[in-house]
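1. take this sequence and fold it.
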Amino acid sequence: MTLSMSRASLPVCTRMLTNLSHILSKADQFVEAKKIDPTALTTYRLAPDMFPLTRQVLIACDAAKNGLARLSGVEAPKFEDTETTLAQLQERIQKTLAFIATVPAAALDGTEDKEITFPAGPGKTRTLKGEDYLCHWILPNLYFHITTAYNILRHNGVEVGKLDYLMGSAH
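-> As a prediction, this is how the structure comes out:
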């Protein structure tokens with residue numbers, strides 16, 4: 001049996017964004033326990049030329065939301081990108097998960113060879129076949145930005161581990 005586009009995308013995006021939400025919950029607990037300003041986390045970046053935590057979360061959400069929309073032909077909701085707090089980032093994740101839940105599996109299945117043209121940097125676009133777009137663009141971007149968010153929090157002392165990344169609150 002082959003793996004369908006819907007099975008390779010919908011549960012993966014849902015699981016990883018749910019795990020990101022769990023990791024952010026641990027960040028919120030950390031902020032409360034240590035009595036620190038949450039912007040110490042939300043504005044933190046690992047390197048001067050990298051995005052801060054807030055932007056990592058927004059991009060992870062957009063990778064899933066926009067990618068699945070392009071593949072399925074469903075219109076993606078537009079978000080304002082004004083989130084600055086851990087609570088607002090949690091809301092963004094929940095809005096993204098709610099959208100993903102509306103994407104019909106049937107609209108994704110069979111899109112392996114569909115030509116997808118998408119933004120790939122300022123003033124640039126790329127075109128990939130659907131399967132390549134999913135496997136070599138959407139999912140790697142999703143993982144990269146969630147991993148970077150995890151690393152920012154871990155670097156700052158939030159007690160998260162590999163199981164939080166892989167299993168979320170299910171471990």
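2. which stretches in the protein count as strands?
-> Per DSSP state E, the chain carries strands over the ranges 115-119, 125-129.
3. quick one: low-confidence parts of this structure?
-> Confidence mapping of the chain against pLDDT under 70 gives the ranges 1.
4. give me the most central residue, it.
-> Taking CA atoms, centre = their mean as the criterion, Ala60 is the residue nearest the geometric centre of the chain, at 2.5 Å.
5. that residue is in contact with Ile138, isn't it?
-> No: shown here, Ala60 and Ile138 do not form a contact pair, counting by CB atoms under 8 Å, at 10.8 Å. Every C-beta, even on glycine, is put in place using the N, C-alpha and C of the backbone.
6. Ala87: what's it in contact with?
-> Asp28 (CB atoms under 8 Å, 6 or more residues apart in numbering).
7. off-centre distance for the longest helix seen in the chain?
-> Using DSSP state H to define each element, the chain has its longest helix at helix 5-34. Centroid displacement of helix 5-34 relative to its chain, using CA atoms, centre = their mean, to the nearest Å, is 8 Å.
8. again with stretch 53-73
-> 6 Å.
9. if we can go back for a sec, against Asn19, how distant is the residue nearest to the centre of the chain?
-> 11 Å (CB to CB, to the nearest Å).
10. hey, what's in contact with both of these two?
-> Going by CB under 8 Å, 6+ apart, residues that sit against Ala60 and also against Asn19 are Ile146.
11. mind checking how far stretch 146-154 is from the chain centre?
-> 12 Å.
12. what's it in contact with?
-> 16-17, 19-20, 23-24, 26-27, 30, 41, 44-46, 50-53, 56-57, 60, 160, 164-165.
13. helices along this structure, start to end?
-> Here the chain has its helices, by DSSP H, at 5-34, 39-42, 53-72, 86-100, 105-108, 130-133, 139-155, 162-167.
14. out of those, deepest packed?
-> Mean neighbours per residue, mean count of other CB atoms under 10 Å, is largest over the helices of the chain for helix 53-72, with a mean of 23.
15. by contact count, what packs against that helix?
-> Contacts defined by 3 or more CB pairs under 8 Å, 6 or more residues apart in numbering; DSSP states H and E place helix 53-72 against helix 5-34, helix 39-42, helix 86-100, helix 105-108, strand 115-119, helix 130-133, helix 139-155.
16. tabulate those (TSV), appending distance to Leu68.
-> What follows is the helices and strands packed on helix 53-72, written out as TSV (distance: least, CB to CB, whole Å):
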stretch	distance to Leu68
helix 5-34	6
helix 39-42	26
helix 86-100	6
helix 105-108	7
strand 115-119	11
helix 130-133	10
helix 139-155	10
